[in-house]
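Colleague: Everything below, folded, please.
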Amino acid sequence: MKFVEIYKTQNDGTQQIIAVCKLLDQKVVCEGDEVFVENLEREGIFDYSKPGKKLFPKDGINFLEGLRHTFKSGYLNASEIIEK
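Modeller: Sure thing, here's the model as predicted:
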């Protein structure tokens, strides 16, 4: 199974996992903070390889790969794709 963990930096500098997005049957399913997950599903993320296009969980592996490009700040970060 392939998945990405999304972390939020806390006030004390530690990181807490707020969502995990897993590739299941060529579609991504995210679990975790309800508001965060709903926003991902509704708003999607920008596809940096194709300006003006957005990716959604239904886009499968492309969405999963795009998470690390979208969430790479001091506040929110996404892991590389983890395979288990």
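Colleague: Show me which strand runs longest in this protein.
Modeller: Longest strand of the chain, by residue count under DSSP state E: strand 15-24.
Colleague: For the residue nearest in space to the middle of the chain, which non-adjacent residue is closest in space?
Modeller: The residue lying closest to the centre of the chain (CA atoms, centre = their mean) is residue 67, at 4.1 Å. Once flanking residues are discounted, residue 67 sits nearest to residue 78: 4.2 Å by CB to CB, 6 or more residues apart in numbering. Using the backbone N, CA and C atoms, a C-beta is placed for each residue, glycine as well.
Colleague: Now do the same contact list for that neighbour.
Modeller: By CB atoms under 8 Å, 6 or more residues apart in numbering, the residues touching residue 78 are 4, 5, 6, 7, 67, 68, 70, 71, 72.
Colleague: what does residue 39 give?
Modeller: Per CB under 8 Å, 6+ apart, neighbours of residue 39: none.
Colleague: Please tell me how far it sits from residue 32.
Modeller: Per CB to CB, to the nearest Å, residue 39 is found 12 Å from residue 32.
Colleague: Please apply the same query to residue 13.
Modeller: The gap separating residue 13 from residue 32 is 21 Å, by CB to CB.
Colleague: Please, where are all the strands along this protein?
Modeller: Taking DSSP E as the test, the strands found in the chain are 2-9, 15-24, 27-32, 45-46, 54-55, 76-78, 82-83.
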